[in-house]
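J.: fold the following for me, if possible:
(chains A and B)
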Amino acid sequence: MHLPDGLLNPITTIVLWIVTIAIMILGYFRMGKMFEKEDSEKMIPYIGVLAAIIFAFQFVNYPVPGGTSGHLVGGTLVAIILGPWASVIVLFLILVIQSLFGDGGITALGPNAFNMGIICGIVGFYIVVLLVRIFNKTSLKKELKVTIATAIGSYISIVLAAFICGIEIGISGTIPIEIAVPAMVFWHILIGIGEGLISALIVYYIYKTKPDFITSESILKVK
Amino acid sequence: MSIIKRNKWPLITILIIVVALMTVIAVGFTIGFLSENPDGLERVLIDYYGEEWLENLFSPWIPFLSWITNDYVAGIVGVVLSITVLMGTFYLITRFKKKKLE
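T.: Presented below is the predicted three-dimensional model:
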């Protein structure tokens, strides 16, 4: 889903850059108490681990039927672990590094961070929050509630990001919107299955091995 | 030295993860488990315009690291860069936030 340079028109690109920068600044101030704690430096090496995982997963593509491939975006996953606001900054920085390799354009960094950081990160996270509230009414175990919610939330967020990406391409006049949107959504309905499964497995693994690493639990309000 | 001692386990975890990721990338490409097919967006653009059009899109710059054509090397450099940049940024964020509290 990495938009290359020259695909979106200047107006769409500038608007998405402004929105992304504004949300990143807001994100810095709303990142939560996690980074103000006395021992918060202890989290930093783990953020490094998470960065390596997200870079590697975005770097390698798994096969999807129909002659395409998918890769993990990881926005919702990062948001579950570090909180929704930190996820935008993490995804933006990962996208900067990927653009150095030519994976996603430098002028398209704003739109890419909007799609993968804000839609998959923040929107995906709040879909998970909503699902957890629904699952709280069931007798499921805590880790299962978050795992299932992550799988569904990640899936919905990647399809939603593809839908919005299709609109951006359509608005830019690159491909007619009535072709761009269904095509983007169709492929990502398939690709999203991998995103949902992998994200859910990672969250489940963290819950089993180091549950305190899920720093967004206070927002998730899982019972 | 004390920093290394204090963060022994996170550092060991980073090393293990990096080695595991490199193995997954190497094995994945070797046995063909990983795909070099275009991803969803590329598929849509190729279906509409063709591969040549996608390769000739205007870009204002040449990516600094695009000369690395080997997937394994690019993977290692990218993982190391990601760890460094993210740890550095969040270290600064933590410092600024704590300073503000003081």
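J.: most remote residue from chain B's center?
T.: The centre of chain B is farthest from one residue, B:Glu102, which by Cα atoms, centre = their mean lies 35.1 Å away.
J.: pretty sure A:Lys221 sits against A:Val132.
T.: Yes. Contact criterion Cβ atoms under 8 Å: A:Lys221 and A:Val132 qualify, at 6.9 Å. In this view, the C-beta of every residue, glycine as well, is placed from N, C-alpha and C.
J.: which one of these two is surrounded by more residues?
T.: Higher neighbour count among A:Lys221 and A:Val132: A:Val132, with 22 against 10, using other Cβ atoms under 10 Å in any protein chain shown.
J.: that one contacts A:Ile148, doesn't it?
T.: No. At 9.1 Å, A:Val132 does not count as touching A:Ile148 under the criterion of Cβ under 8 Å.
J.: which residues does the closest residue to chain B within chain A contact?
T.: Of all residues in chain A, A:Pro45 sits closest to chain B, at 3.1 Å by Cβ to the nearest Cβ. Applying Cβ atoms under 8 Å, 6 or more residues apart in numbering or on different chains to A:Pro45 gives the contacts B:7, B:10-11, B:13-14, B:87.
J.: now do the helix or strand containing it: distance to the chain's middle.
T.: Element membership for A:Pro45, per DSSP states H and E: helix A:43-59. Chain-centre distance of helix A:43-59: 13 Å, with Cα atoms, centre = their mean, to the nearest Å.
J.: mean confidence for that helix?
T.: Here helix A:43-59 scores 83 as its mean pLDDT.
J.: swap in stretch B:89-97?
T.: Mean predicted lDDT for stretch B:89-97 stands at 88.
J.: repeat for stretch A:93-100
T.: Averaging pLDDT along stretch A:93-100 yields 93.
J.: one more: stretch A:204-220?
T.: Averaged across stretch A:204-220, pLDDT comes to 86.
J.: what's it in contact with?
T.: Contacts of stretch A:204-220 (Cβ under 8 Å, 6+ apart): A:32, A:34, A:43, A:46, A:79-84, A:125, A:128-129, A:132, A:142-144, A:146-147, A:203.
J.: any idea which residue is closest to the centre of chain A?
T.: A:Gly75 (1.5 Å).
J.: just the pLDDT at the residue lying closest to that one once chain neighbours are set aside, thanks.
T.: Spatial nearest neighbour of A:Gly75, excluding adjacent residues (Cβ to Cβ, 6 or more residues apart in numbering or on different chains): A:Cys120 at 2.7 Å. For A:Cys120, the model assigns a pLDDT of 95.
J.: what ranges do the helices span in chain B?
T.: B:2-6, B:8-30, B:40-49, B:51-55, B:71-101 (DSSP state H).
J.: pull out the buried residues from the last one.
T.: Within helix B:71-101, the residues that count as buried by 16 or more other Cβ atoms under 10 Å in any protein chain shown are B:71, B:74-79, B:81-83, B:85-87, B:89-91, B:93-94, B:97.
J.: between helix B:71-101 and the helix holding A:Pro45, find me the angle.
T.: Inter-element angle recorded for helix A:43-59 and helix B:71-101: 140 degrees (by axes from the mean of the first three to the mean of the last three Cα atoms, to 10 degrees).
J.: could I get the average pLDDT for the following helix or strand past helix A:43-59?
T.: Sequence-wise, the next helix or strand downstream of helix A:43-59 (DSSP H and E) is strand A:62-64. When pLDDT is averaged along strand A:62-64, the result is 75.
J.: in the helix or strand just after strand A:62-64, what counts as buried?
T.: Counting by DSSP H and E, the next helix or strand C-terminal to strand A:62-64 is strand A:68-70. In terms of neighbour count (16+ other Cβ under 10 Å), strand A:68-70 has its buried residues at A:68-70.
J.: which among these gets closest to B:Asn56?
T.: A:Thr68 (21.2 Å; Cβ to Cβ).
J.: direction included, what does the helix or strand of chain A with the lowest mean pLDDT pair against?
T.: The least trusted helix or strand in chain A, going by mean pLDDT, DSSP states H and E, turns out to be strand A:62-64, with a mean of 75. The sheet places strand A:62-64 alongside strand A:68-70 (antiparallel), with pairing taken from DSSP bridges.
J.: quick check: angle from the following helix or strand past the strand it pairs with to helix B:71-101?
T.: Next in sequence after strand A:68-70, counting helices and strands by DSSP H and E, comes helix A:75-82. Relative orientation of helix A:75-82 versus helix B:71-101 (the same axes, to 10 degrees): 40 degrees.
J.: and the angle for the helix or strand just after helix A:75-82 with helix B:71-101?
T.: Per DSSP H and E, helix A:75-82 leads on to helix A:84-100 as the next helix or strand towards the C-terminus. With the same axes, to 10 degrees defining the directions, helix A:84-100 sits at 140 degrees from helix B:71-101.
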